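Undergrad: Sharing a model prediction with you, sequence too.
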Amino acid sequence: MTEPVIYWTRRDFRLSDNPALVAACESGAPVIPVFLYDETIDTLGAAPKWRLGLGAEAFDARLEEAGSRLILRQGDALEALRALIAETGARAVHWNRLYDPVSRKRDEAVKAGLKADGVTAVSHAGHLVHEPWTVETGTGGFYKVYTPFWKAVRGRDVAEPLAVPKLRASEVWPKSDAIEDWHLGRAMDRGAAVVKPHCVIGEAGAQGRLGAFVAHRIAEYAEARDKLDVDGTSGLSENLTHGEISARACWHAGVRVMEEGKAGAETFLKELIWRDFAYHLVHHTPHIVERNWREEWEAFGWNEDADYADVTAWRRGRTGMAIVDAAMREMYVTGRMHNRARMLVASYLTKHLLTHWKIGMDWFAECLIDWDPASNAMGWQWSAGSGPDATPYFRVFNPETQAEKFDPHGRYRRAYVAELSNRPPETALAYFDAVPRSWDMAPDQSYPSRPVVDAAEGRKRALDAYENRGF
């Protein structure tokens, strides 16, 4: 076959266990890998857009090692693909499915348009362990609670990861944009230089990260993952977000060490399925990404002023609640935030400050390099009490007791809040280099003498608000 096949990569920057790429290679035709700066990328926040660009660059280098290359184009997805088809004579396009509402709308339009043109358009499963519609309750509905969802899938067979295919390179390559001309990191400004050393970019890095985790840390994962002052998590959320490793590969790695008797492995598998569950909910109830999942919360009196002084203090890591401030600053320095810390800052914003979860969700979408539309939305609504499978809405995390339990010696707080130390570490000082200049932050500023809302006051205020709304 001389007519090429287009492989459209989006959040699957890997050669291994890549169903769309394997299908394209199995056609026997030359394969042209393509990455599009399309309408969905325009919606991304500063950190996710910048990190996506780094992933694309690393994937291009990986393809070059395999004798191929990544073609870059900008514009409407359907029109950009049509232009490439016209230039190359390609008669088929393959891609791996995404499940958030924005991506689904785009992909449905692309598939319909290409098929109308007489072009083969095939989407594949490659982003999750289980596709959202393949898990059903006994009555054929969808799951609204995580534990039954986990029980429904934990014993299922999961296909082994696919091997790296042999790419047949095109003899003639279409013109490609230069990624630096896209300026994907423009909004990161000076923060990019601070965050980049904390990134693990590309397929090889992701595989190394998984290997180190299962070899050295997964046995203690069940307990260590909640400890803020130790390196007890896998760190793989960054790589799963960009498809630099597949969820299926992570699943099988976890299963292997669980069978070897490593105690924390099942907890790791549950976390992978928690990600599946988030997409299960987004698929069946797509409104979860933009409004309250539980309709009765529409009447709740959230503060919706994103510029309110207390919200500004939360955003800047200046609430005076050290564990909350450390978590926010960790995000600016590393591009990520510990999962336990995410729950604490979300609870503080939505319950102590009675601020709409969407303000926090949108800020995370601006700042996280591992931003994921499904996990971000479900996590925020879980913390706020308005979502599915939520912690009881009336449970208000006490940040002080949480700090005592999960950062008992204050190491995490000192690592990121410079004002707490006479000789602050580099991680704490880096915060002042990462945040916008307009914030006018400096390490010699005094730390707030008291929290904007203390633990007891915030709990009482939240419970009073819930009671007055009839919850």
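TA: Structure's in. What do you need?

Undergrad: so H127 touches R10, yeah?
TA: No - look at H127 against R10 with C-beta atoms under 8 Å: they stay out of range, at 9.0 Å. Just so you know, the C-beta spots here come from the backbone N, C-alpha and C atoms, and that holds for glycine as well.

Undergrad: and the gap between the nearest residue to R168 once chain neighbours are set aside and T88?
TA: In space, and not counting its chain neighbours, R168 is closest to P30: 5.0 Å by C-beta to C-beta, 6 or more residues apart in numbering. Look at P30 and T88: by C-beta to C-beta, to the nearest Å, they are 9 Å apart.

Undergrad: Quick check: neighbours shared by the two?
TA: The contact sets of P30 and T88 overlap at 4, 170 (C-beta atoms under 8 Å, 6 or more residues apart in numbering).

Undergrad: got a list of what the residue nearest to R168 touches?
TA: When contacts are counted by C-beta under 8 Å, 6+ apart, P30 touches 1-2, 4-5, 168-171.

Undergrad: neighbours of G211, just the number please.
TA: Around G211 there are 11 other residues, counting by other C-beta atoms under 10 Å.

Undergrad: For whichever helix or strand W251 is part of, list every residue counted as buried.
TA: Assigned by DSSP states H and E, W251 falls within helix 247-259. Going by neighbour count (16 or more other C-beta atoms under 10 Å), the buried part of helix 247-259 is 247-254, 257-258.

Undergrad: so what does the helix or strand following it touch, helix or strand wise?
TA: Once the chain leaves helix 247-259, the next helix or strand it forms, by DSSP H and E, is helix 265-284. The criterion is 3 or more C-beta pairs under 8 Å, 6 or more residues apart in numbering; DSSP states H and E, and the helices and strands that helix 265-284 contacts are helix 146-153, helix 221-224, helix 247-259, helix 373-384.

Undergrad: let's see 10 Å
TA: Judged by 3 or more C-beta pairs under 10 Å, 6 or more residues apart in numbering; DSSP states H and E, the packing partners of helix 265-284 are helix 101-116, helix 146-153, helix 203-216, helix 221-224, helix 237-241, helix 247-259, helix 373-384.

Undergrad: what ranges of this protein fall below the confidence cut-off?
TA: Low-confidence regions of the chain, defined by pLDDT under 70, span residues 1, 390-391.

Undergrad: quick check: domain ranges of it?
TA: Segmentation of the chain into domains, based on automatic domain parsing, reads 1-125, 128-159+189-284, 295-468.

Undergrad: Out of these, flag the one nearest S176.
TA: The closest of those to S176 is domain 1-125. By C-beta to C-beta, the value is 4.6 Å.

Undergrad: mind checking how far the closest one is from the chain centre?
TA: Remark: domain 1-125 is offset 20 Å from the chain centroid, using C-alpha atoms, centre = their mean, to the nearest Å.

Undergrad: same thing with stretch 163-180?
TA: 27 Å.

Undergrad: before we move on, what about stretch 207-219?
TA: Relative to its chain's centre, stretch 207-219 lies at 20 Å (C-alpha atoms, centre = their mean).

Undergrad: which residues touch that stretch?
TA: With C-beta atoms under 10 Å, 6 or more residues apart in numbering as the test, stretch 207-219 has contacts from 14, 16, 200, 202, 221, 224-225, 230-236, 238-240, 244-245, 249-250, 253-254, 256-258, 260-268.

Undergrad: Format the domains of the chain as JSON lines; extra columns: distance to D181.
TA: Below are the domains of the chain laid out as JSON lines (distance: least, C-beta to C-beta, whole Å):
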{"stretch": "domain 1-125", "distance to D181": "9"}
{"stretch": "domain 128-159+189-284", "distance to D181": "17"}
{"stretch": "domain 295-468", "distance to D181": "22"}
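
Undergrad: between the ones you listed, which one is nearest to E180?
TA: Relative to E180, the nearest member of the domains of the chain by C-beta to C-beta is domain 1-125, separated by 9.1 Å.

Undergrad: Helices along the stretch 301-450 of the chain, start to end?
TA: Secondary structure of the stretch 301-450 of the chain (DSSP state H, counting those that start in this stretch): helices located at 309-315, 322-334, 339-347, 357-367, 373-384, 399-406, 411-416, 426-434.

Undergrad: on that earlier part again, how about the helices and strands packed on helix 265-284 in JSON lines, adding distance to T40?
TA: Below are these laid out as JSON lines (distance: least, C-beta to C-beta, whole Å):
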{"stretch": "helix 101-116", "distance to T40": "5"}
{"stretch": "helix 146-153", "distance to T40": "27"}
{"stretch": "helix 203-216", "distance to T40": "22"}
{"stretch": "helix 221-224", "distance to T40": "33"}
{"stretch": "helix 237-241", "distance to T40": "14"}
{"stretch": "helix 247-259", "distance to T40": "20"}
{"stretch": "helix 373-384", "distance to T40": "10"}
